[in-house]
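> predicted model follows, preceded by the sequence.
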Amino acid sequence: MINFLKILVSQISYNERLTIIQIIVFFLIFFVLFLIGLLMLKVRKKQLSYKKIGYISLLWTLGLSVISLGTKIMYQNNIWSVQTNALNYVQRYKQHESDRKDKFDDSSRIDISKMVMYQAVKGLDKQGFVSIPSRNILLPVYNDAYSDKGLNAGANYANKSVIDPTGEHKPIMGEGNYGLAAHNFNDGQTGFSGLQQYTNHDSPYLQNGHLKGSDWLNGQKILLANAHGIYDYRITGQTLVTDKKISVLNPTQTAQVTIISCLFPSTDYRIITHGKLKNIYTWDNAPRKLVNEFNLKEKNTNAHASWWNPGVEEGANGQKGGTE
């Protein structure tokens, strides 16, 4: 029996174990609260037997537990787009709040450019930052998309293509095909999760086994920044490819950005977000609104899911671009 239980537990994923623990904890909390409440009522009015108190507490606990579990399942599985709609509201609110704070900050352009290039992680080469304002994405860009260390730190340039399978060529922001990769945590917020149209749903990217795309982000900004300035791209569409299709990173004559992130729940596929370069600015001549997108004293970065994901936040929710 013990061996059977061990095998059963080993086949349950971390997230499933966490959900089971949460259900047990919620159940116990509800039961204790109802029990205490009814016992206090008995002390005051002396109308309930202990047996009836137990039954009522158990029934209310079961009812609330079922409701809580149903709500959690509905949210996590994004049934009826509940999670997507909630996250869209949260994204708009966060963007509004960060824009409001920017108005009262006096950080100079030079200060912000230094924040962007602050070396927060040892052993990686800092390339700069990427911002996708409409999705509340703000991530440091490092140089190793092919290691856990690099992906745990944030975004990284990805440069292993059919033409350059070993990744010898170092991509340059504002030139050719600049590839970027980061984790999709399937939460609509962390890493490049916000680039998937509906969390925890393959649609519209994968339909009946056919690889499709999406234009839901077309026209939105992708901003890259380094020591030299800001590179303003516009999203032209999204496509879906298998995880082996590295030709998307092949060099191009035109300046573009290619963002790679996983699809959930079908993780054997990659969502490719394409963007074309529109403008290049120095830190001196960039519109102040674009400069403020990289003000790490006021903007939160979104690299990490929770305490179990290693690394540090580099924005207002962490090191504040080295100013903390």
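Structure's in. What do you need?

> just for the stretch 51-200 of the chain, where's the confidence low?
In the prediction, the stretch 51-200 of the chain carries residues with pLDDT under 70 at positions 53, 55, 76, 102.

> do a quick rundown of the helices in it.
Remark: helices assigned in the stretch 51-200 of the chain by DSSP state H, counting those that start in this stretch are 82-102, 109-116, 148-153.

> Val248: which of the ones you listed is closest?
Of all the helices of the stretch 51-200 of the chain, it is helix 148-153 that lies closest to Val248, at 17.7 Å by Cβ to Cβ. In short, each C-beta sits where N, CA and C put it, glycine included.

> and that closest one, what other elements does it pack with?
On a contact count with 3 or more Cβ pairs under 8 Å, 6 or more residues apart in numbering; DSSP states H and E, helix 148-153 meets strand 137-142.

> the strand it packs on pairs with which strands, parallel or anti?
Note on strand 137-142: by DSSP bridges, its sheet partners are strand 128-132 (antiparallel), strand 155-157 (parallel).

> reformat these as JSON lines; add mean neighbour count and distance to Ala316.
Below are those laid out as JSON lines (neighbours: other Cβ atoms under 10 Å; distance: least, Cβ to Cβ, whole Å):
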{"stretch": "strand 128-132", "mean neighbour count": "25", "distance to Ala316": "14"}
{"stretch": "strand 155-157", "mean neighbour count": "27", "distance to Ala316": "18"}
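
> switch those strands over to CSV; also include distance to Ile222.
Below are the strands paired with strand 137-142 laid out as CSV (distance: least, Cβ to Cβ, whole Å):
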stretch, distance to Ile222
strand 128-132, 5
strand 155-157, 11
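
> which stretch among these comes nearest Lys276?
Closest of these to Lys276 is strand 128-132, at 14.5 Å (criterion: Cβ to Cβ).

> export only the CA atoms of that closest one, formatted as CSV.
Coordinates of the C-alpha atoms in strand 128-132 are reproduced here as CSV (Å, rounded to 0.1, in the frame of the first residue of the first chain):
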residue,chain,number,x,y,z
GLY,A,128,20.1,45.7,-22.7
PHE,A,129,16.3,45.5,-22.2
VAL,A,130,13.1,44.6,-24.1
SER,A,131,9.8,46.3,-23.5
ILE,A,132,6.4,45.5,-24.9
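
> got the contact list for it?
Under the contact criterion Cβ atoms under 8 Å, 6 or more residues apart in numbering, strand 128-132 has outside partners 116-117, 137-141, 155, 173, 180, 194-195, 220-227, 293-294.

> buried subset of these, written for ChimeraX?
The ChimeraX command for the buried members of the contacts of strand 128-132 (criterion: 16 or more other Cβ atoms under 10 Å) is given here:
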select :116,117,137,138,139,140,141,155,173,180,194,195,220,221,222,223,224,225,226,293,294
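
> mind listing the strands for this structure?
Secondary structure of the chain (DSSP state E): strands at 128-132, 137-142, 155-157, 177-181, 206-207, 210-211, 213-214, 221-225, 229-242, 256-262, 269-282.

> columns distance to Lys149 on top of those strands, output as JSON lines?
Shown next, in JSON lines, are the strands of the chain (distance: least, Cβ to Cβ, whole Å):
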{"stretch": "strand 128-132", "distance to Lys149": "18"}
{"stretch": "strand 137-142", "distance to Lys149": "9"}
{"stretch": "strand 155-157", "distance to Lys149": "10"}
{"stretch": "strand 177-181", "distance to Lys149": "13"}
{"stretch": "strand 206-207", "distance to Lys149": "30"}
{"stretch": "strand 210-211", "distance to Lys149": "31"}
{"stretch": "strand 213-214", "distance to Lys149": "31"}
{"stretch": "strand 221-225", "distance to Lys149": "21"}
{"stretch": "strand 229-242", "distance to Lys149": "25"}
{"stretch": "strand 256-262", "distance to Lys149": "18"}
{"stretch": "strand 269-282", "distance to Lys149": "20"}
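
> figure out which of those is closest to Tyr75.
Nearest to Tyr75 among those is strand 256-262 (20.3 Å), distances taken as Cβ to Cβ.

> give me the phi and psi for the residue nearest to Gln253 when sequence neighbours are not counted.
Counting by Cβ to Cβ, 6 or more residues apart in numbering, Gln253 lies nearest to Gly176, which is 7.5 Å off, once chain neighbours are set aside. Main-chain dihedrals, Gly176, degrees, to the nearest 10: phi 60, psi -150.
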